[in-house]
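In: Dropping a prediction and its sequence here:
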2 protein chains.
Amino acid sequence: MVQKSKPPAAAVEPKRRGRPRAYEPDVALGKALDLFRTQGFAATSLDDLSEATGMNRPSLYGAFGDKRELYIKSYQRYREEARASMVEIFREEMPVRQRLERIFASALNIYLSGETGPRGCFTVVTAASEAVGDPDIRAMVLDGLNELDKAFASCFRRAKEKGELPESADPAVLAQLASATVHSIAIRSRARVSRRELEAIVKGAIDLMVAAKS
Amino acid sequence: MVQKSKPPAAAVEPKRRGRPRAYEPDVALGKALDLFRTQGFAATSLDDLSEATGMNRPSLYGAFGDKRELYIKSYQRYREEARASMVEIFREEMPVRQRLERIFASALNIYLSGETGPRGCFTVVTAASEAVGDPDIRAMVLDGLNELDKAFASCFRRAKEKGELPESADPAVLAQLASATVHSIAIRSRARVSRRELEAIVKGAIDLMVAAKS
DNA sequence: CGATTTTTGTACCATCTCGCAAATTAATCC
DNA sequence: GGATTAATTTGCGAGATGGTACAAAAATCG
């Protein structure tokens, strides 16, 4: 039940009034995210979350709201992290192939991470569970899917403008294929398909996409 | 709690001894499958299953074992049905494009079916939940993924032999791309992406695959 | 008919689940 | 130091959950 004994000392620390928090919200949210990603919403109990975060239930509730809200906040956090790594890759100028390689490598690293084994993509996990029954969560998932599509589309559009792809190439179609490859490795990673095999799939897909004649 | 009042009269009915069953195991398993597909393992309670199947809990237990066994049997049933529709499509001779169209159309029909909304692919749903923690279930999922890969690979191999694809086309790579497209529409369907959009994705993917130069 | 066999229905148990209320602790403000 | 503020700890309660024991019911067999 102890996360860290020292005070957070985050930023300027504007001298908060009452008893200081025994946890760092960011760290706790990260732990919750880990759990939700591996086990899913329904299979994760508040006790699990309490143990993982080092916060007991009332604190958890006070900081993040009920289980569903915590799940949503975890998902938003996941998306922020994913987005950050994407922005990174899109900042520099580089050949399409290289950019694609870096995007897929980043995705693989995220999907294969985890102490107890690969955990895949949280968007996919959520789509496969809560998204059917919860409109709000479904909307977030849909947004996540769209964001990936758009990122890939912009990648292919830039490549086309630079003449790296033939005029006949359709960025939107290629983007959906790239997204599909991401979804596929996300799923396969949870079935413990080896990194080597996943990388082979990625390579095959990239070869096909950058040689696209359609 | 009533499923059917008449006796099953299945096959020859070898004069069973005790009290006759009030349910048809096949029908009940189908109902259980429906529930598990939409809600997942953890979010589906025995009460839900009991209500849906029309069997009370002890009968459910007697017929299928505990919840996990029922889930496994449901998944096997799902795979049998999916396999049957595939065999159907592979029996006749036809152009690659047409065969691909039929495979994807079949998948879409399965994924978009459901009274309360689309339910996607049970293999994907299972991969995204139970597969991480349960080795037996994970093995079944892996088998399901492989089966789809192999089916597509054989499809492309046949096409290549018939000269429908260039010599440079790699059936294994194309197959994994086709599988990826299936995984992608399975996920998107659960986020309520419209059939029209899903069909557009499928069309784009097919165009690219049958024109493959890689 | 009575014995046997198999399934059903009722009821229950031990455990877990989520959420919250009340009391406690630790800091700042005056 | 006392008041105030905010977080922690304890513990509870209503309900759900997975699983099972046991008796009643409905069929066949002899």
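Out: Sure thing, it's come through.
In: Tell me the pLDDT of residue A:201.
Out: Note on residue A:201: pLDDT of 98.
In: Residue A:3 too?
Out: For residue A:3, the predicted pLDDT is 55.
In: Quick check: residue A:57 touching residue A:46?
Out: Yes. Under the criterion of C-beta atoms under 8 Å, residue A:57 makes contact with residue A:46 at 5.5 Å. For every residue, glycine as well, the C-beta is placed using N, CA and C.
In: helix/strand/coil for residue A:94?
Out: Classification of residue A:94 using DSSP: H, G, I helix; E, B strand; the rest coil returns coil.
In: Please work out the average pLDDT along stretch A:114-132.
Out: On average, stretch A:114-132 scores 95.
In: Restricting to C-alpha, output that stretch in CSV.
Out: In CSV, the C-alpha atoms belonging to stretch A:114-132 read as follows (Å, rounded to 0.1, in the frame of the first residue of the first chain):
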residue,chain,number,x,y,z
GLY,A,114,4.4,-6.1,-20.4
GLU,A,115,5.8,-7.9,-17.5
THR,A,116,3.6,-10.9,-17.7
GLY,A,117,3.5,-11.1,-21.5
PRO,A,118,2.4,-9.1,-24.5
ARG,A,119,-0.7,-7.0,-24.1
GLY,A,120,-1.5,-5.7,-27.5
CYS,A,121,-3.3,-2.5,-28.3
PHE,A,122,-5.7,-1.0,-25.8
THR,A,123,-7.9,0.4,-28.6
VAL,A,124,-8.3,-3.1,-30.0
VAL,A,125,-8.9,-4.6,-26.6
THR,A,126,-11.5,-2.0,-25.8
ALA,A,127,-13.2,-2.5,-29.2
ALA,A,128,-13.4,-6.2,-28.5
SER,A,129,-15.1,-5.7,-25.2
GLU,A,130,-16.7,-2.6,-23.9
ALA,A,131,-17.2,-0.8,-27.2
VAL,A,132,-20.3,-2.8,-28.1
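In: What are the neighbouring residues in contact with residue A:35?
Out: Residues near residue A:35 by C-beta atoms under 8 Å, 6 or more residues apart in numbering or on different chains: A:44, A:48-49, A:52.
In: ranges for the helices of chain A?
Out: Secondary structure of chain A (DSSP state H): helices located at A:25-39, A:46-53, A:57-64, A:67-91, A:96-112, A:122-127, A:135-161, A:171-190, A:195-210.
In: TSV for those, including distance to DNA strand C?
Out: Shown next, in TSV, are those (distance: least, C-beta to the nearest atom of the strand, whole Å):
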stretch	distance to DNA strand C
helix A:25-39	10
helix A:46-53	3
helix A:57-64	4
helix A:67-91	4
helix A:96-112	25
helix A:122-127	16
helix A:135-161	14
helix A:171-190	21
helix A:195-210	32
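In: Can I get those helices in JSON lines including distance to residue B:99?
Out: What follows is these, written out as JSON lines (distance: least, C-beta to C-beta, whole Å):
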{"stretch": "helix A:25-39", "distance to residue B:99": "37"}
{"stretch": "helix A:46-53", "distance to residue B:99": "46"}
{"stretch": "helix A:57-64", "distance to residue B:99": "50"}
{"stretch": "helix A:67-91", "distance to residue B:99": "36"}
{"stretch": "helix A:96-112", "distance to residue B:99": "29"}
{"stretch": "helix A:122-127", "distance to residue B:99": "28"}
{"stretch": "helix A:135-161", "distance to residue B:99": "27"}
{"stretch": "helix A:171-190", "distance to residue B:99": "19"}
{"stretch": "helix A:195-210", "distance to residue B:99": "19"}
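In: most packed of those?
Out: Compared across those, helix A:122-127 shows the largest average neighbour count, a mean of 28 (mean count of other C-beta atoms under 10 Å in any protein chain shown).
In: Does that one reach chain B?
Out: Yes. Residues of helix A:122-127 are located near chain B by C-beta under 8 Å from any C-beta of the partner chain, namely A:124-125, A:127.
In: same deal with stretch A:42-62?
Out: Yes. Using C-beta under 8 Å from any C-beta, stretch A:42-62 reaches chain B at A:42-43.
In: Could you give the average pLDDT over that stretch?
Out: Mean per-residue pLDDT for stretch A:42-62: 94.
In: How about that stretch and DNA strand D, touching?
Out: Yes. Contact of stretch A:42-62 with DNA strand D (C-beta under 7 Å from any atom of the strand) involves A:55-59, A:62.
In: Nearest to residue A:19, out of these: which one, please.
Out: Comparing the residues of stretch A:42-62 next to DNA strand D against residue A:19 with C-beta to C-beta picks out residue A:59 as the nearest, at 11.1 Å.
In: Just list the residues touching that closest one, thanks.
Out: A:22-23.
In: before we move on, back to that, which stretch among the helices of chain A comes nearest residue B:120?
Out: helix A:122-127 (7.8 Å).
In: That closest one - contacts with which helices or strands?
Out: Packing contacts for helix A:122-127, counted by 3 or more C-beta pairs under 8 Å, 6 or more residues apart in numbering or on different chains; DSSP states H and E, involve helix A:25-39, helix A:67-91, helix A:135-161, helix A:171-190, helix B:171-190.
In: any idea how far residue A:169 lies from chain B?
Out: Residue A:169 is 10 Å from chain B, where distance means C-beta to the nearest C-beta, to the nearest Å.
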